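Trainee: From the sequence below, what's the structure:
(one chain, ligands or ions: 2)
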Amino acid sequence: MQKGKILVTGGAGYIGSHTCVELVSAGYTPIIVDNFSNSEKFVIQNLEKLTVTRVEVEEGDCNDYFFLKDVFEKHREIKGVIHFAAFKAVGESSQYPLKYYHNNVQSTVNLLQVMDEFKLSNLVFSSSCTVYGQPDILPVTESSPVKPAESPYGRTKQICEDIISDFYKASEAFKAISLRYFNPIGAHPTGLIGELPLGVPNNLVPFITQTAAGVREQLTIFGDDYNTSDGTCIRDYIHVVDLAKAHIAALEKMIKSNKTKHLEVYNIGTGDGHSVLEVVKTFEKVSGEKLNYKIGARRSGDVEKVFADVSKAKDELGWKTELSLEDSLRDAWNWQQKLAEKAI
Ligand code: NAD
Ligand code: WQD
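Mentor: Ligands and ions are numbered 1, 2, ... in the order given. This next block holds a predicted model:
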């Protein structure tokens, strides 16, 4: 049964593309809005292979209000919107803060404005555990304080959550859910879609897979003198397919709700913390590759430990993760090898 169209901004990107697959499996028709500023066109072809459907793409910039308006005009019967489109490089955001405020905040304002004009509801927003900084109590719950962000990127996520909340308070009928993702890793098990880091990866897992593949010489582990079991930092690494499924659960929660207004925030993680060394050792186990790594200095701005309390998402969305760290790293490695074969 066809359940209707869902507009997916940033749908050609890492998390967006995996979510489009899950939307199709759940009976929805994704309409991708993307300017391909951080994604490749081949992703759409691979998505079509994976879903055995034609995937509709509206190429353009969410900062372009008139473009967005035209998209909503064309697709009148949209059931909901998932807003992934944003820049996400934490370090770069300190170098070019205005680029980040412009792209991440302005696009969200535009989207809300157009949704308001078309009387559309049911927004899922991509937020991040970065809003918690270093929590005082672990696991971190949704009611834990949001701390002043370390980076302009983190601030754009806090600001967008606030903008959505203000808009919700002022509106008569608007439903939105912000999902605070922990650390998304892995790729689709088919190896057809995955993460495409531009240049030298900032994130741990793509750096590991590129090192194992010989693209990078050596992984540096940023510090082993933290107050953790092995001295390296702890994160909650979630398989991107599990994360993608959380978006369907969030959408359906809003679509099925009898309330005219709805606003919630959910942590989306596994609930388990793993250290950097554990990730390295698990990668070596699942890939059979010996990783060339060294211990280096701490990276400025890193939090020591963060992992989620996921009971709210489990109780209210009926969602929880199904895949393990092993699954994630195996799929990340499979994707890296497929990329190498295609020489992308
Ligand atoms: P990504 O860069 O792979 O995907 C983002 C997509 O949005 C890209 O296809 C890009 O071309 C597109 N885009 C960017 N600006 C646009 C604009 N103005 N108009 C149209 N398209 C635009 O990133 P991702 O990892 O898939 O992240 C998706 C979302 O999740 C982002 O909002 C990000 O901040 C958030 N998030 C990501 C992580 C992570 O570690 N990957 C963690 C927490 C939150
Ligand atoms: C994980 C761990 C590093 C690279 C970032 C953003 C956050 C969110 C997710 C978007 C840390 C260590 C890493 C390396 C290493 N994104 N590491 N060597 O820092 O938890 O979060 O991505 O919202 O906002 O800040 O993820 O993958 O960069 O790092 O030792 O070469 O791996 O120190 O402990 P992080 P990460």
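
Trainee: how about the residues of the stretch 151-300 of the chain near ligand 2?
Mentor: 183, 202-204, 207, 219-222, 233, 235, 276, 299 (Cβ under 6 Å from any ligand atom). The way it works is simple: take the backbone N, C-alpha and C, and place the C-beta from them, glycine included.

Trainee: Now whatever residue of the chain ends up closest to ligand 1. Nearest residue, chain neighbours left out?
Mentor: Distances between the chain and ligand 1 by Cβ to the nearest ligand atom are smallest at G13, namely 1.9 Å. With sequence-adjacent residues excluded and distances taken as Cβ to Cβ, 6 or more residues apart in numbering, G13 is closest to S39, at 4.9 Å.

Trainee: What separation do you get for that neighbour and P189?
Mentor: 20 Å (Cβ to Cβ, to the nearest Å).

Trainee: how many neighbours does P135 have?
Mentor: P135 has 19 neighbours, counted by other Cβ atoms under 10 Å.

Trainee: contacting residues around it?
Mentor: By Cβ atoms under 8 Å, 6 or more residues apart in numbering, P135 lies in contact with 144-145, 147, 306.

Trainee: Show the model's pLDDT score for it.
Mentor: On pLDDT, P135 comes in at 94.

Trainee: how about it, phi and psi?
Mentor: Reported as degrees, to the nearest 10, the phi and psi values for P135 are phi -70, psi 150.

Trainee: Y266 now?
Mentor: Torsion angles at Y266 (phi, psi; degrees, to the nearest 10) stand at phi -130, psi 140.

Trainee: you'd agree it is up against K253?
Mentor: No. Applying Cβ atoms under 8 Å, one finds Y266 not in contact with K253, separated by 9.3 Å.

Trainee: These two: who's more crowded?
Mentor: Remark: of Y266 and K253, Y266 carries more neighbours, 25 against 21, as counted by other Cβ under 10 Å.

Trainee: So what's the residue count around the closest residue to that one other than its chain neighbours?
Mentor: Of all residues not flanking Y266 in the chain, A313 sits nearest, at 4.4 Å (Cβ to Cβ, 6+ apart). Close neighbours of A313, defined as other Cβ under 10 Å, add up to 27.

Trainee: Of the residues of the stretch 151-300 of the chain next to ligand 2, which is the most crowded?
Mentor: Highest count within these by other Cβ under 10 Å belongs to V276, 25 neighbours.

Trainee: Please report how far the nearest residue to that one once chain neighbours are set aside lies from D225.
Mentor: For V276, ignoring the flanking residues on the chain, the nearest one in space by Cβ to Cβ, 6+ apart is T232 at 3.9 Å. Taking Cβ to Cβ as the measure, T232 and D225 are separated by 9 Å.

Trainee: who has more neighbours, these two?
Mentor: T232 (22 against 10).

Trainee: Isn't the more buried one up against L219?
Mentor: No. No contact is recorded between T232 and L219 when judged using Cβ under 8 Å, the distance being 11.7 Å.

Trainee: Looks like H102 contacts N63 (just checking).
Mentor: Yes. Applying Cβ under 8 Å as the test, H102 and N63 come out as touching, 6.9 Å apart.

Trainee: Same drill for the two, tell me which one is more crowded.
Mentor: Neighbours were tallied for H102 and for N63 using other Cβ under 10 Å; the higher tally belongs to N63 (18 against 14).

Trainee: Name the SS class of the more buried one, please.
Mentor: Here N63 is coil, with the state taken from DSSP: H, G, I helix; E, B strand; the rest coil.

Trainee: Need the three-state assignment for Q337.
Mentor: helix.

Trainee: Grab the nearest non-local neighbour of it.
Mentor: According to Cβ to Cβ, 6+ apart, the nearest residue to Q337 is A213 (7.1 Å).

Trainee: same deal with D309?
Mentor: Leaving aside its chain neighbours, D309 sits nearest to P139 (4.0 Å; criterion: Cβ to Cβ, 6+ apart).

Trainee: Neighbours of the residue lying closest to S287 once chain neighbours are set aside, how many?
Mentor: Using Cβ to Cβ, 6+ apart and skipping the chain neighbours, the partner closest in space to S287 is W333 (4.6 Å). One way to gauge burial is a neighbour count; for W333, by other Cβ under 10 Å, it gives 23.
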